[in-house]
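> my questions are about this predicted structure, shown below with the sequence.
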Amino acid sequence: MVRTEIELAVKNVLSTFGVESTEVLIEHPADPAFGDYATNAAIVHAKKVGKSPQVLAGELVEKLSTVNIPEVEKIEAAGVGFVNFFLSREYFTKNTQEILSHRETYGNNAILAEKKVMVEYTDPNPFKEFHIGHLMSNAIGESISRLIEASGAEVKRANYQGDVGMHVAKAVWGMRAGGKEFGQAYARGAHAYEENEQAKKEISELNKTIYAKDDSSVNELYERGRKESLEKFEAIYQRLGTKFDFNFFESETGPVGVDLVRKHLGKIFEESEGAIVFRGERIGLHTRVFITKEGLPIYESKELGLAKLKQEKYKADVSVVITGNEVTDYFKVVLAAMKEIPELAAEAEKIVHIPHGMLRLPSGKMSSRTGDVISAESLLSQIETHLKETFDNKDKKTIEEIAVAAIKYSVLKQESSKDITFDFDTSISFTGDSGPYLEYTHARCRSILGKASEEGIVPSLENPADRALQIERKLSHFPEVVERATRAYAPHYLATYLYELAGEFNTFYNSIVIVKKDDPESPYKCAVTDAAATVLSRGLNLLGIAAPERM
């Protein structure tokens, strides 16, 4: 990658001035008049070598000009001490050719070659609605999984689902009380648990019964509800384009976690008022209960069991866990406890926890307890209905792909740690910073290429423009954006890039005539259009979003 070559060259030249720099900032100037890459190394290190930034920049340029970087055509000092690098026309033509020659793999890298990575995400709870908060986790997790795959790793997708616990007891109680839908049943049970002392006792006993599996009528109701929940979830995963390799359940992890905690009782864990806890204060955290006074596992002990089952199922080098940020503090305690358990210590070191913010409605945070929840299914259906009423293309598959893009992109375009207020109008816009806008731009590219074919124009790189087009410059940035997004587990870098690329292409489209039979430059313009379509499609795929050919 040319950026890496430039960075290494700058480091080597700095070392001749006695500066050993572990990091050199190489960035793209906002104005192409200042080059394709620029560094502020002279400004940063001028004081160390006893020179002004401008003088050091000039000397850096002099020495860098003797370094053989084939892609670099010119290097110059500018401003208060910047060093600017200009790439050759040939470089951009070659890059466009690479895009067209390696369509499905362009942008791939090997930074995670031969690594095995498990990514856990989505994690809905059977007996409750699969709501738009789960869509957030799914969108982030699926995109991170695809980015990691594009960086050379083998990826296994894992889904951890809470099929036991108080929420299940509340839902089963609600089903008995007449709640037909899971969301309604849970809301009914949750409300009764808080408002009715008798119902609270019944739900607490029902929770024990579900764990014990000693009541056939409860078992039957539980198994039916669990089966229907999982089938409903699977249908949603298919719509979202996710297929999990492993499904873990709290009913499986709980007993394993309890055994681990009891095995290390008196060493790592201790009894407290009948419960078993981990004292986190001794390491700067806080105390958490791992087994209740009733002897039942809760989230903490289940997480220990999950880590052990993951370890047994797949020998990963890295274990990525994506959760809502409301569990960040609790997760720190779980990880601390895990590191002290000999059989889990190595697994704990592999875990990368990525917390995400909340997906909110304009009216505020959702609550499954009160029933103030928008389910994933209802939101998708609402968007699809609107598209059918306002959009010319009535193809069911295309409508569904646009609806999914609207939701996923609204999540992925922001840093995952931030809360998001879902804006219906913005998310489905075909003109703003939205998934449908990116899809529409890709479809526009394909439509242009279809017209070129009708005119007998064959895309070709044989007659390029004298100077690199700005769209070509933007296309060349794609591989480094993919690498950056992967290293940071941050799909928003890629989403931002694709929005900028779409804008650059539409500027290109509006400023010239691409398809013109007698224009000798038309084949090259079409080749660049093809490259833009390819990168948009590739980038959307890495976000977990489809790229329809027609819209």
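Okay, I see it. Predicted model, so just to flag it, every value in this text is computed and none were measured.
> Gly46: which element?
In this structure residue 46 is Ala, not Gly. helix 41-49 (DSSP states H and E).
> I'd like the next helix or strand past that helix.
helix 53-64.
> hmm, who's touching that next one?
9-10, 13-14, 16-17, 41-43, 45-46, 49, 51, 75-78, 80-83 (Cβ atoms under 8 Å, 6 or more residues apart in numbering). From N, CA and C alone the C-beta is placed, and that goes for glycine too.
> what helices or strands is the helix holding Ala46 leaning on?
On a contact count with 3 or more Cβ pairs under 8 Å, 6 or more residues apart in numbering; DSSP states H and E, helix 41-49 meets helix 2-15, helix 53-64, strand 82-87.
> so which of these gets nearest Phe127?
Set against Phe127 and scored by Cβ to Cβ, the helices and strands packed on helix 41-49 come closest in helix 2-15, at 49.8 Å.
> in stretch 56-71, what counts as buried?
Judged by neighbour count (16 or more other Cβ atoms under 10 Å), stretch 56-71 contains these buried residues: Leu56, Ala57, Gly58, Glu59, Leu60, Val61, Lys63, Leu64, Ile69, Glu71.
> tally of neighbours for the residue lying closest to Tyr497 once chain neighbours are set aside?
In space, and not counting its chain neighbours, Tyr497 is closest to Val481: 4.4 Å by Cβ to Cβ, 6 or more residues apart in numbering. If you count neighbours by other Cβ atoms under 10 Å, Val481 ends up with 21.
> do you know the pLDDT at Val481?
Looking at Val481, its pLDDT stands at 98.
> show me how far the strand or helix carrying it is from its chain's centre.
Using DSSP H and E, Val481 maps to helix 478-487. Remark: helix 478-487 is offset 12 Å from the chain centroid, using Cα atoms, centre = their mean, to the nearest Å.
> next secondary structure after that helix?
That would be, after helix 478-487 and using DSSP H and E, helix 492-511.
> check which element follows that following helix along the chain.
helix 522-542.
> can you pull out the strands in the stretch 51-200 of the chain?
72-78, 82-87, 116-120, 154-161 (DSSP state E, counting those that start in this stretch).
> next, format those as a markdown table and append mean pLDDT.
A markdown table is the format used below for the strands of the stretch 51-200 of the chain (pLDDT from 0 to 100):
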| stretch | mean pLDDT |
| --- | --- |
| strand 72-78 | 97 |
| strand 82-87 | 98 |
| strand 116-120 | 98 |
| strand 154-161 | 98 |
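> let me have these in TSV, extended by mean neighbour count and distance to Lys332.
Shown next, in TSV, are the strands of the stretch 51-200 of the chain (neighbours: other Cβ atoms under 10 Å; distance: least, Cβ to Cβ, whole Å):
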stretch	mean neighbour count	distance to Lys332
strand 72-78	17	46
strand 82-87	22	42
strand 116-120	23	17
strand 154-161	21	18
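> which of the helices and strands in this structure ranks last by mean pLDDT?
Within the chain, no helix or strand scores below strand 359-360, which has a mean of 81 by mean pLDDT, DSSP states H and E.
> quick one: strands adjacent to that strand?
Next to strand 359-360 in the sheet, as set by DSSP bridges, lie strand 420-421 (parallel).
> what sits against the nearest residue to Tyr440 once chain neighbours are set aside?
Counting by Cβ to Cβ, 6+ apart, the nearest residue to Tyr440 once its immediate chain neighbours are dropped is Phe430, at 4.9 Å. Phe430 makes contacts with Pro436, Tyr437, Tyr440, as judged by Cβ under 8 Å, 6+ apart.
> buried set for the helix holding Ala46?
Ala41, Ala42, Ile43, Val44, His45, Ala46.
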